[in-house]
Each structure stands twice: as C-alpha cells, then as structure tokens.
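# Sequence first, predicted coordinates after that:
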Amino acid sequence: MGRDLPKASKGEVHETIWICFISRCYFFSGCDNLGAIRVEDKNGEFKNPMGFNSFLKDVQDQTQSKLTFIKYGIEGQRSVEKITYDGDSLKVHHTVDKKFVEEYKCNGIEKQNKQDEFIFVLTNCKDSLKNIELVTVPIEKMKY
C-alpha cells in the first residue's frame, strides 16, 4: 500500500543534522551581527581592545565594517553599542540591558593619544555635529 522511501546513509543523516544545527545557530545568534569585531570592557578589563584599531583602520580604508562594543557597569548593567560603517558614515545603535537607548549617525572615528591612554572618539555625530567619546583604553591594555 505505502511506498518505500529510500534509506539515507549515515553520512547523509549527519550532514542533514549539521546543516540544521548551523542554520539554527545562524538564526538565533542575530544574523546582523555576523562578522562584527567584538570588544568588551568589564570595569577596565578589556577583551580584544585591538578591535578598536581594526575598526578604525576599516573606516580609514573606507571598508564596510561592524563593531560591537559591550561595556559592563559597576552594578552589572550591560551596555551594547553596535556601530556599523557602510563605507560613508557610522550608524550607532545603543542599548542597555537589551532596552533601546538611542540611535544616531556620525561621520567618522578618530584615535587620540593622551599620555598613557588612547581615546577613541566618534566625530561629527547627531544633528549638532558634536564629538562623542566612545572609550578610553590604557596604552598597556593595547597589546600588539
């Protein structure tokens, strides 16, 4: 009465499971954030601070790029700034504890060298064309 379906080999089954797993990871990880440079600051302890230099170089080279900067506050608040460079300008999307705070555009980013620290500044931001300090990183944290 019923038709017999062809049996899949073990390799085909594993391949199908692997494809499903990768698809789910891609979907649940936030597809828009794939390939982004990620930097974290936990009360002055940085993870991948050189990511700021990589992002700055991309902007200087007019290469599209994304930076996700995660900063943890003293009381555990999680601030996330997703900065997207489209080859022309920067778009900043800011959340705290997954709640939307603000979104704005900037014309560029620069690195200022002050004695024993680097300051990364977003330039010509918002409607007033002001500069916004993104982060200050002690020089000793910038490992080459």
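Noted; the coordinates are in hand. Numbers count the residues shown, from 1 in each chain.

# hey, what's the residue nearest the centre of the chain bridged with?
The centroid of the chain falls nearest to residue 68 when counting by C-alpha atoms, centre = their mean (1.9 Å). Beta-bridge pairing of residue 68 under DSSP bridges involves residue 38, residue 82.

# any idea how far it is from residue 47?
Using C-beta to C-beta, to the nearest Å, we find residue 68 at a distance of 12 Å from residue 47. Where you see a C-beta, it was placed from the backbone N, CA and C, and this is true even at glycine.

# my guess is residue 81 contacts residue 96, does it?
No - applying C-beta atoms under 8 Å, one finds residue 81 not in contact with residue 96, separated by 9.9 Å.

# Those two: which has the busier surroundings?
More crowded of residue 81 and residue 96, by other C-beta atoms under 10 Å: residue 81, with 20 against 14.

# on that earlier part again, and the residue nearest to the centre of the chain, how close does it get to residue 111?
Taking C-beta to C-beta, one finds residue 68 at 18 Å from residue 111.

# before we move on, what about residue 86?
Relative to residue 111, and taking C-beta to C-beta, residue 86 is found at 20 Å.

# mind listing the strands for this protein?
37-42, 45-47, 65-72, 78-85, 90-96, 99-106, 108-114, 117-125, 130-138 (DSSP state E).

# tilt between the third one and strand 90-96?
Yep, that's strand 65-72 we're talking about. Calculated by axes from the mean of the first three to the mean of the last three C-alpha atoms, to 10 degrees, strand 65-72 forms an angle of 20 degrees with strand 90-96.
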